[in-house]
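[1] Just need the structure, nothing else, for what follows:
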Amino acid sequence: MIIDSHVNLHGERFAEDLDAVIARAAEAGVSHMLNICCNIKDFDAVVKVAEDHDNIWATVGTHPHDAKENPDITAAQLIEFATHPKVVGIGETGYDFHYGYSSQDEQVANFVAHIDAARETQLPLVIHTREADALMLTTLKESGAGRDYPALLHCYTSGPELADWAADAGLYFSVSGIASFKTAHGVRDCIKTMPDDHIMLETDCPYLAPVPYRGRRNEPAYLPHVAEALASVKGWTLEETETRTNAAFFRLFSKVTP
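    Model prediction:
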């Protein structure tokens, strides 16, 4: 049994066949899933999926793309949402300067509120970072990531300097289907150096379907292909991959019932 640490099951892409998607995940050996909140306005929908299924949990947060939609969000608001028994993490949050959907100032203010909420609740912070290595490194260092609050760099595609610092600070990483992409040599190089006991699996569905499903709607049933890619990069057996990634998930998301 393997764990999908990052799914987006509450959106339109799964509106017509969610039950079938969840059933296929079980058939594929996916035991637990973490449904990620990318916008506070979607929190009710996110948590309902978790409420309806014993093996699905949830987070609360706003993605950096949507920071402009919650410009005045506070740690107190996030903390209140996080009292829900099914909420086990804060985020997805962070920096993304690829498209510029939200300004840097909006993203920084949004991220700081999430960091404060993670520090107060001691729930893991689920971090998205893209084309923001320098600022992300500075923010994590100054805020005491790994020391003052637990954190996960999800779907890691950033550079080795940030990865090395995060590893030394005790942060966790999650590996997605990108690890199976033919041209993702830099991502695989970073995975090789990630601490063996701080890695977990994710699909980030409906995005980033692994080979051989690349280009299709991703779903948790494809997670075994991510596990195979990670095993190949690390030189692990599939059994080792299951044991290590499951242990990392439960260690970080300690509120989840094994």
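[2] C-alpha only now, for contacts and for neighbours.
    Noted.
[3] wait, what's in contact with residue 237?
    Going by C-alpha atoms under 8 Å, 6 or more residues apart in numbering, residue 237 touches residue 231.
[4] quick one: it and residue 231, what's the gap?
    Separation of residue 237 from residue 231 (C-alpha to C-alpha, to the nearest Å): 6 Å.
[5] next one: residue 68
    Distance, residue 68 to residue 231, using C-alpha to C-alpha: 39 Å.
[6] can you check residue 174 too?
    Separation of residue 174 from residue 231 (C-alpha to C-alpha): 13 Å.
[7] what does residue 106 give?
    Distance check for residue 106 against residue 231: by C-alpha to C-alpha, it reads 38 Å.
[8] what do you get for residue 100?
    For residue 100, the distance to residue 231 equals 35 Å [C-alpha to C-alpha].
[9] Give me the more crowded residue out of these two.
    Between residue 100 and residue 231, counted using other C-alpha atoms under 10 Å, the more crowded position is residue 231 (17 against 12).
[10] Give me the contact list for whichever strand or helix holds that one.
    Assigned by DSSP states H and E, residue 231 belongs to helix 223-234. Identification of contacts with helix 223-234 by C-alpha under 8 Å, 6+ apart yields 2, 4, 28-30, 175-177, 179-180, 188, 191-192, 201-203, 210-211, 236-238, 241-242.
[11] One more pass at 6 Å, please.
    Outside helix 223-234, the residues that touch it by C-alpha atoms under 6 Å, 6 or more residues apart in numbering are 177, 179-180, 192, 203, 237, 241.
[12] now the angle from the helix or strand that that helix is followed by to helix 223-234?
    Sequence order places helix 238-252 as the next helix or strand after helix 223-234, per DSSP H and E. In terms of direction (axes from the mean of the first three to the mean of the last three C-alpha atoms, to 10 degrees), helix 238-252 departs from helix 223-234 by 100 degrees.
[13] quick check, distance from helix 238-252 to the centre of its chain.
    From the chain centre to the centre of helix 238-252 is a distance of 15 Å (C-alpha atoms, centre = their mean, to the nearest Å).
[14] Mind listing what's buried along that helix?
    238, 241-242, 244-249, 252 (16 or more other C-alpha atoms under 10 Å).
[15] just stretch 116-128 next, same as before
    In terms of neighbour count (16+ other C-alpha under 10 Å), stretch 116-128 has its buried residues at 116-119, 121-128.
[16] Please, where are all the helices along the protein?
    In the chain, the segments counted as helices under DSSP state H are 18-27, 43-51, 75-81, 104-121, 133-143, 160-169, 185-193, 223-234, 238-252.
[17] CSV please, covering these and showing distance to residue 61 and mean pLDDT.
    Output for the helices of the chain, formatted as CSV (distance: least, C-alpha to C-alpha, whole Å; pLDDT from 0 to 100):
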stretch, distance to residue 61, mean pLDDT
helix 18-27, 22, 98
helix 43-51, 8, 98
helix 75-81, 7, 98
helix 104-121, 7, 98
helix 133-143, 17, 98
helix 160-169, 21, 97
helix 185-193, 26, 97
helix 223-234, 24, 98
helix 238-252, 17, 98
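[18] want to try JSON lines for the ones you listed, with distance to residue 60 as columns?
    What follows is the helices of the chain, written out as JSON lines (distance: least, C-alpha to C-alpha, whole Å):
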{"stretch": "helix 18-27", "distance to residue 60": "20"}
{"stretch": "helix 43-51", "distance to residue 60": "7"}
{"stretch": "helix 75-81", "distance to residue 60": "7"}
{"stretch": "helix 104-121", "distance to residue 60": "9"}
{"stretch": "helix 133-143", "distance to residue 60": "20"}
{"stretch": "helix 160-169", "distance to residue 60": "22"}
{"stretch": "helix 185-193", "distance to residue 60": "27"}
{"stretch": "helix 223-234", "distance to residue 60": "23"}
{"stretch": "helix 238-252", "distance to residue 60": "16"}
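[19] Output the contacts of helix 223-234 as a markdown table; include the columns distance to residue 143.
    Putting the contacts of helix 223-234 into a markdown table (distance: C-alpha to C-alpha, whole Å) gives the following:
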| residue | distance to residue 143 |
| --- | --- |
| 177 | 30 |
| 179 | 29 |
| 180 | 33 |
| 192 | 27 |
| 203 | 28 |
| 237 | 37 |
| 241 | 31 |
